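**Student:** Sharing a model that was predicted from the sequence below.
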Amino acid sequence: MRSIAFVLLLPTRPIAAHVVRSGKWCFGSCETVVTYATFNDTSPGSKKARLCEGILRATSLYLCIDEFCAESGRETWLQDANDTCIQRVNATLPPYEIIEQFRPEERSGLKRLSADEAFTWPTLNEVVIPDEEFFERAFTTLDAAYFEYDIHRIYGYVLFYFWAVVVSIGVGSKVVSLIQDLRRQDLHRVTASPDEFNHYRKNYGIPRSLQTLLKRYITVPAAFNSRCSQPFKCCTVPTRIQSLTILAFVVLNIVLCSVGYRLTDGNLYWPTQRDQLLRFVSDRTGIISLINFPLIWLFGMRNNTLIWMTGWDFGTYNNFHRWVARVSTAQAVIHSIGYTIMICERDGLASLMRYLHKTYFWNGELATILMCALIAFSVYGLRRSHYEVFLAVHIVCSVFILVTMYYHVLIFGAWEWNGFVYPCVAVWVFDRLLRGGRILAFNYRVWNTKATATYNPDSHIVSLRVPCNKSWAKPQPGTYYYIYVVDEPLYAHQSHPFTLAYVSTEIERPDLQLPLSSISERPSAHRANSNDSSESDALLQSADSLSKPDSLVFLIRPYDGFTGRLAKRAASHRTSVRVLIEGPYGHTVPLRTFTNILFVVGGTGIVVPLSHMSSLLSETSSVVNLRVVWAVREHAFLASVLRDFRALIDDERIQLEVHVTQDIQVTDDVPANGLKRVKLMPGRPAVHSVVEEMAMESGYDGLAIVACGPAKMADEARKACVAMLGRGVGGVEYFEEKFKW
C-alpha cells in the first residue's frame, strides 16, 4: 500500500539524474529502497516529518546516491527534495556532507539491505546501504514506471496529430475546390471555341480522372450498401470517407492502448507481469480517455473553428464528436474496471469500500458512470424521437463529467492532468459567447424580436416570418438559423435549426397564402431578361442585391416537440412569437459555377432550390439548365409555391418536375395556366433515372446534384451519382443539404 501511494506521488515531483551504471532514475531508486525501512532515531509522529528530519535515513539515502549515482544532477535533485520537505513539514533535509565521515573502509563494513529483508519492513537503528541486486530492482521498477508514464502521454498526443492531419486534408481539399471553381469559370469562358475547349479537356483530363476515382470510391459513396442518410437498424452510418476516418481513429486508439508496455522481472510494486500489465493498461486507457476530452468538446460545438477552416458541415464534426466520445468512454470503463480489480485483489470489498471514501476515487467512478449514461441517452432513436430528453441529459451529464473529472485528477496538481479539462470549459465558453454574439448581431434588441407564425392545415406547413432589418449579417442561400422561442419558459433553452427558405418584405408579401391573381403575368423569362423586376423576384433577391431585407421566411413541417407546439399555437390564426435568432450558419454551395444543376428534394426541402434560385438565374451565373425534382405530399403546399414563385419558375432554364405522393386528385388550387416549365406527376420520383438522364444530357459539362429531403431519396441520389461516376461522367458533384445531428 505504501509503495503504491509513493508511485502515485512521484509524478508530482521532478527528478533529474544522469546514469553512472544503473540508469536514469538513480536518485529515485535510492529513495525507494530506504523507504522500506523505518529508522528509530526520530520520535514516532508524522511520517512526513520522519522522512525529512531523520539522520539515519538521510545518511543511508546519501550513501546510496554516492555509491550508485553520478554526481551530475545531484544538486538539483537534493534541492527539489529539500523544497518538498519545507513545503510539507517546514523542515530541511540534513546536509549532504554528513556522509563525509564515512571513509571507504568504513562503508564496506556497513549493513547491506537486501530485498528479502526490506520486504519485512524492518525497524533499524543503524545506517544501511542497499545491496546491488535490491538497487537494480528498484531502478528497473522506476525506469519502467516512468517510461510508461511518459509513453502514456505521448501516445495520447498522437491522437492530436492524427486529427491535425485530418483537418489539414480538409483544408487542402477546400483549397483544391476553390481552384476547381476558378478553373470551371475559366472553362465556361472559352467554350465558344471548340479548339480551346478541347485544350482545357486535355490539360485537365488526368487530374479529373483521379478526382473521379476518389469521388467514386472514397468521398461520395455510403460506407457500405447504400444507406447513409437512412438509419441502419438502430444507428446511422456516415459516408465512406467519414467512416474510414473514424475507423482509422478507432484502430489507432486500440493500437495505442495495446502496445509499448515495459514489463520487468523483480518489480518492487507489481511483482508479477500480470499485475504490471493490469496497472499499465489501466493507466494508459485512463490517460488517453482524458486526452480525448478536448476533442470531444471541440467537435461537438456549434461554433467550431474547424468548420470554417475545412468547409465541412456540422454533421461531419458531429459524427467525429460522437465517435471520439464513444472511444473515450470505452477507455474510461477499462480504466475504472482495471483499478477496481486491483483494489479488490488486495482486501476484497473492504478495500473497495475504503477507496470509495476517497474523493479522487469516487469522483472517477462517478465520471465513468455519467459517461456511460450520456452515451446511452445519445442513441439515434432517442435523439430523433425525444430530442428534449436527449438535450437535457446531454447538458447535465456533460457538466457533471467535467466537474467529477476535475476532482478525480486534482491529486496530481492543478495542471498535471486538469490541463485537459480546462480546454473543454474554454471551448464551451467560447461557443456560448459566439452564440450570444450571433444573436446580438441579428438584433441587438434581443427582447424585441417577434416572429409571425402561420399554419396552413391543407399544406400542413408552418410559415415563420422573422423581421431581419436589424441584422448585421446578410442572408445567404442554403444557410440555416437556430430559433429559440423565449415566450415558452419550459423550452426557452432549446434551439432548433431551420434552413432559410427565402427573404421577403412585409409590404410585398403579407401572408404566405396570396390570392392566385396577386402576381402579375409576364412573358417567359429568358437569359437576356431573367433579371426583369417582378414581385416574385423581390422575394428571392440575392444577398448582394438586398440592402435591408425585411423578413426571413422559414417553411416548417410540424412534427412532435417544438414544431408541433408551434403549429398548435398558429392553428386557429396567425400568431406572434417572441424568438431569438442565432445565425446564419453553414455556407453557400458554389452552384453558380456549374452549367447544369439538379435538385432532388422532398417536402420542405424545396426551400433549398428556392433559396438559391434567384442567384442561379442571374446574368453572372453559369447555369444553363436547372432542373428541380420535387416530391410533395399535398397539393396545397405545391399551389402556394407555384403561386408565389411563378415568375422565377417561368424562366426557360428551369424545369420543375413535381411528384404528388399522397393527394392523387388534382385540385383547383394548382395554377396550371401558363406554367410551361412545370410538369405534374403522380407517385414518387425515379431518382436514379432522373440523375442518369441529367448526367447524359450534361456530357462533359459540370453537373451539380443537390439532395434535400427524405433520407431514402437522398440515399438514392447519392447512389445514382456514384453510378454515374462509375460510367465515366466525371463532372458530377454531389451535395447534400440536409442538417444532420
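**Tutor:** Alright, I've got the coordinates.

**Student:** So Phe420 sits against Pro294, correct?
**Tutor:** Yes - counting by C-beta atoms under 8 Å, Pro294 is a contact partner of Phe420 at 6.0 Å. Yep, even glycine has a C-beta here, placed from its N, CA and C like the rest.

**Student:** so where does the most centrally placed residue in the chain fall, helix or strand?
**Tutor:** Nearest to the mean C-alpha position of the chain, by C-alpha atoms, centre = their mean, lies Phe299 at 2.0 Å. Using DSSP states H and E, Phe299 maps to helix 293-300.

**Student:** Show me what that helix is packed against.
**Tutor:** helix 132-189, helix 314-355, helix 422-442 (3 or more C-beta pairs under 8 Å, 6 or more residues apart in numbering; DSSP states H and E).

**Student:** Return the most buried member of these.
**Tutor:** Most buried of these, by mean neighbour count (mean count of other C-beta atoms under 10 Å): helix 314-355, with a mean of 18.

**Student:** Could you pull out the buried residues of the next helix-or-strand element following that one?
**Tutor:** Under the assignment DSSP H and E, the closest C-terminal helix or strand after helix 314-355 is helix 359-376. By 16 or more other C-beta atoms under 10 Å, the buried positions in helix 359-376 come out as 361, 363-375.

**Student:** so the top strand by length along the chain versus helix 422-442, what angle?
**Tutor:** Taking DSSP state E as the criterion, the chain has its longest strand at strand 575-585. Per axes from the mean of the first three to the mean of the last three C-alpha atoms, to 10 degrees, the angle that strand 575-585 makes with helix 422-442 is 120 degrees.

**Student:** which residues are in contact with strand 575-585?
**Tutor:** By C-beta atoms under 8 Å, 6 or more residues apart in numbering, the residues outside strand 575-585 that reach it are 302, 314, 435, 438-439, 442-443, 446-447, 449-453, 464, 466, 468, 471, 473, 475-476, 479-487, 495, 497, 500, 552, 566, 569.

**Student:** And stretch 155-174, by the same measure?
**Tutor:** Here stretch 155-174 has contacts from 245, 248-249, 252-253, 256-257, 260, 284, 287-288, 290-292, 295, 306, 309-312, using C-beta under 8 Å, 6+ apart.

**Student:** can you rerun that using 6 Å?
**Tutor:** Identification of contacts with stretch 155-174 by C-beta atoms under 6 Å, 6 or more residues apart in numbering yields 245, 252, 256, 287-288, 291, 306, 309-312.

**Student:** distance of Val127 from Ile55?
**Tutor:** Computed as C-beta to C-beta, to the nearest Å, the Val127 to Ile55 distance reads 9 Å.

**Student:** Tell me which of the two has more neighbours.
**Tutor:** Val127 (24 against 13; other C-beta atoms under 10 Å).

**Student:** Count the neighbours of Val396 for me.
**Tutor:** 14.

**Student:** and it, what element?
**Tutor:** helix 387-408.

**Student:** just the angle between that helix and helix 314-355, please?
**Tutor:** Using the same axes, to 10 degrees: helix 387-408 against helix 314-355 is 50 degrees.

**Student:** now for helix 387-408, which elements pack on it?
**Tutor:** helix 359-376 (3 or more C-beta pairs under 6 Å, 6 or more residues apart in numbering; DSSP states H and E).

**Student:** Tell me the first helix or strand C-terminal of the helix it packs on.
**Tutor:** The C-terminal neighbour of helix 359-376 among helices and strands, as given by DSSP H and E, is helix 380-385.

**Student:** Name the surrounding residues that touch that following helix.
**Tutor:** Contacts for helix 380-385 (C-beta under 6 Å, 6+ apart): 231, 235-236, 390, 741.

**Student:** Narrow those to just the buried residues.
**Tutor:** Counted by 16+ other C-beta under 10 Å, the contacts of helix 380-385 give 236, 390 as buried.

**Student:** okay, the contacts of helix 380-385 in JSON lines with secondary structure, distance to Gly731 and pLDDT next?
**Tutor:** Below are those laid out as JSON lines (DSSP: H, G, I helix; E, B strand; the rest coil; distance: C-beta to C-beta, whole Å; pLDDT from 0 to 100):
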{"residue": "Pro231", "secondary structure": "coil", "distance to Gly731": "32", "pLDDT": "81"}
{"residue": "Cys235", "secondary structure": "strand", "distance to Gly731": "34", "pLDDT": "82"}
{"residue": "Thr236", "secondary structure": "coil", "distance to Gly731": "29", "pLDDT": "85"}
{"residue": "Phe390", "secondary structure": "helix", "distance to Gly731": "41", "pLDDT": "90"}
{"residue": "Trp741", "secondary structure": "coil", "distance to Gly731": "32", "pLDDT": "61"}
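
**Student:** Can I get the contacts of helix 380-385 in CSV including distance to Asn596?
**Tutor:** Output for those, formatted as CSV (distance: C-beta to C-beta, whole Å):
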residue, distance to Asn596
Pro231, 32
Cys235, 35
Thr236, 30
Phe390, 40
Trp741, 32
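
**Student:** If we only consider the contacts of helix 380-385, which is nearest to Asp83?
**Tutor:** Phe390 (50.4 Å; C-beta to C-beta).

**Student:** how about the closest one, what does it touch?
**Tutor:** 382-383.

**Student:** next one: phi and psi at Trp93?
**Tutor:** One correction, residue 93 is Leu, not Trp. Note on Leu93: backbone dihedrals following degrees, to the nearest 10 are phi -70, psi 150.

**Student:** give me the number of residues near the residue nearest to it when sequence neighbours are not counted?
**Tutor:** Counting by C-beta to C-beta, 6 or more residues apart in numbering, Leu93 lies nearest to Asn82, which is 5.0 Å off, once chain neighbours are set aside. Neighbours of Asn82 under the rule other C-beta under 10 Å: 17.

**Student:** returning to what we had before: next, report how far the helix holding Phe299 is displaced from the centre of its chain.
**Tutor:** Put simply, helix 293-300 sits 5 Å off its chain's centre (C-alpha atoms, centre = their mean, to the nearest Å).

**Student:** what angle separates that helix from helix 387-408?
**Tutor:** Using the same axes, to 10 degrees: helix 293-300 against helix 387-408 is 160 degrees.
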